[in-house]
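J.: Whatever this is, show me its structure:
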Amino acid sequence: MESQLSTIDLLTAMFPSPGELEIPESTTQCVEKLRNWCEDSDSIPNKIPPSISLAVCLPIADGERTIRVNVTVPLQCEDPGTIDQPPSLSFSLRQPDWMSRAEVAGITASIPQGEDALEVFEYIQAEATRLLENKQSHTVTSEETNKGPIARVWFYFPSLSTRKKRDDMVNLAPAYGLTGFVLAGKPGVLCLEGTSSDVDSYMSFIKTHSWGDIPSHQKKVSERFRETEDVQRVFSGMEEITDSLGERGGQRANRGDMQALEAWLGNKGLQEAFEKVIF
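T.: From the prediction side, this is the model:
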């Protein structure tokens, strides 16, 4: 019993924020009764149910989605004299709006048995993330089939610094079916993968709305290179890479390491693009 209560305590500590862990009042009352019994009582408390339940809301894909996992903690067993370990917890999923019943059933059926809660949560997160990524990939592929071939377009900024503008570049790209990256600093670089029409629509929206408060003479950005022949996506999403390329120079630490960028792009097979964009 102490082991089962310790598991509940661990989950409470791991998921402290509102909405992460749901424990019914009846479960809370039962836990306190059992805790008191384990600490200083010789008589088994009355009206203890065979099991208690709680629910954990797991983040999926860096928090873009969530999935609710119902956890059942057994409190009784048929023959306690024959076991040396407490009964295993059981898990089930509540269907989120982004998964079908069949998908939920598939993950539920494959949940490893006999594992502790943390290993099960990691498994569910991994499977749900894989499922979500496959869906997104299929959606992008289907849309591109209808819209036209993929292009990879490179933009050069003499300077790119404003955090809000950079966030807009990243956050607005998925709505246009675009992948790529943003690099802030002096210089700044924006790479976009998607159909040419989507790239052009995205840039038009960025300049008109996100950059609407910037005087036109300060909107210094130039398209340096557009790849259109047999282009395959290299990037799985849209991200900012400013802080992941090593040390930055300049008085305000705003000069990026172009050698690091060159090596990073070279590893992705994009060396030619670096030479055309930066030089």
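
J.: only C-alpha atoms for contact and neighbour calcs from this point on.
T.: Will do.

J.: Run through the strands of this protein in chain order.
T.: 21-22, 51-60, 65-74, 90-94, 150-157, 179-183, 188-195, 222-227, 238-240 (DSSP state E).

J.: Mean neighbour count, the ones you listed: which tops it?
T.: strand 188-195 (a mean of 24; mean count of other C-alpha atoms under 10 Å).

J.: by contact count, what packs against that one?
T.: Packing partners of strand 188-195 (3 or more C-alpha pairs under 8 Å, 6 or more residues apart in numbering; DSSP states H and E): helix 117-147, strand 150-157, strand 179-183.

J.: In the protein, where is pLDDT below threshold?
T.: 41-43, 79-83, 135-147, 213-219, 246-257, 279 (pLDDT under 70).

J.: residues in contact with stretch 8-15?
T.: Leu21, Val56 (C-alpha atoms under 8 Å, 6 or more residues apart in numbering).

J.: shift numbering so it begins at 864
T.: Happy to do that; since the first residue is 864 now, the last one works out to stretch 871-878.

J.: CA-only coordinates of it in CSV, if you can.
T.: The C-alpha atoms that make up stretch 871-878 are tabulated as CSV, following Å, rounded to 0.1, in the frame of the first residue of the first chain:
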residue,chain,number,x,y,z
ILE,A,871,0.5,8.9,-6.3
ASP,A,872,2.8,11.2,-4.4
LEU,A,873,5.3,11.1,-7.3
LEU,A,874,2.7,11.9,-9.9
THR,A,875,1.5,14.8,-7.7
ALA,A,876,5.1,16.2,-7.6
MET,A,877,5.7,15.7,-11.3
PHE,A,878,2.5,17.4,-12.4
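
J.: quick one: buried residues of it?
T.: Neighbour-count burial for stretch 871-878 flags Ile871, Leu874, Thr875 (criterion: 16 or more other C-alpha atoms under 10 Å).

J.: which one of those sits closest to Phe984?
T.: Checking the buried residues of stretch 871-878 against Phe984 with C-alpha to C-alpha, the nearest one is Leu874 at 10.9 Å.

J.: quick one: that closest one and Ala968, what's the gap?
T.: To Ala968, Leu874 is 24 Å away according to C-alpha to C-alpha, to the nearest Å.

J.: Report the contact partners of Val967.
T.: Val967 neighbours (C-alpha under 8 Å, 6+ apart): Leu956, Arg957, Gln958.

J.: I'd like the distance between the residue nearest to the first one when sequence neighbours are not counted and Leu1133.
T.: Taking C-alpha to C-alpha, 6 or more residues apart in numbering, and ignoring the residues beside it in sequence, Leu956 has Val932 as its nearest neighbour in space, at 4.7 Å. Taken as C-alpha to C-alpha, the spacing of Val932 relative to Leu1133 amounts to 42 Å.
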